[in-house]
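A.B. asks: no FASTA, just this:
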């Protein structure tokens, strides 16, 4: 993601509301804060950070209302007819709030679709319900789609089954 192979890019995401102190901080203040946090986490030392950029994304998480399902259905119908080769993934691409693991899984599966697979990304977490306030949860069948690495070898996405026992994906 950077032109010089000696460097790498790290992305940090901060949650805030428009016009709160974090949102209103200058780019320099946010880059300094992120640099210090990377150092505290042991991911980089401050002197090793050579540049930074701030992207403020208003309304980054989908908001549900009474028309949510029908509105998303209309978007899906349009995309299926007008942009069949478009891969939508993640929270904003699919207009649904999902946990980070599922959002990232849709991104991985979308990349595989570009390479020739046919995963139905809308099925990721489609039959799981989050009851975060309840202590007990119902076990849901976990079915992770195999990812073909070459013609003779199939492997599952590494570590995905351990991420969320409610993950259920059926794509073929």
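C.D. replies: That came in fine, so what should we check first? The structure displayed is predicted, hence computed values, not measured ones. Numbers count the residues shown, from 1 in each chain.

A.B. asks: Domains in this structure, by residue range?
C.D. replies: Under the assignment automatic domain parsing, the domains of the chain span 8-60, 68-163.

A.B. asks: Pick the most buried one from the ones you listed.
C.D. replies: Burial among the domains of the chain, expressed as mean neighbours by mean count of other Cβ atoms under 10 Å, is greatest for domain 68-163, which shows a mean of 14. For glycine as for every other residue, the C-beta is placed from the backbone atoms N, C-alpha and C.

A.B. asks: May I see the domains of the chain arranged in JSON lines, with mean pLDDT and distance to residue 2 as well?
C.D. replies: Listed next are the domains of the chain as JSON lines, based on pLDDT from 0 to 100; distance: least, Cβ to Cβ, whole Å:
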{"stretch": "domain 8-60", "mean pLDDT": "92", "distance to residue 2": "5"}
{"stretch": "domain 68-163", "mean pLDDT": "69", "distance to residue 2": "19"}
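
A.B. asks: Between the two ends of stretch 46-66, what distance do you get?
C.D. replies: Distance across stretch 46-66, first residue to last, is 47 Å (Cα to Cα, to the nearest Å).

A.B. asks: same question, stretch 78-96
C.D. replies: With Cα to Cα, one end of stretch 78-96 sits 17 Å from the other.

A.B. asks: Same check on stretch 84-102?
C.D. replies: The first residue of stretch 84-102 is 22 Å away from its last residue (Cα to Cα).

A.B. asks: Name the surrounding residues that touch that stretch.
C.D. replies: Residues outside stretch 84-102 that contact it (Cβ atoms under 8 Å, 6 or more residues apart in numbering) are 60-62, 64, 71-72, 75, 79, 103-104, 106-107, 109-111, 113-114, 121-122, 124-125, 130, 160, 163-164, 167.
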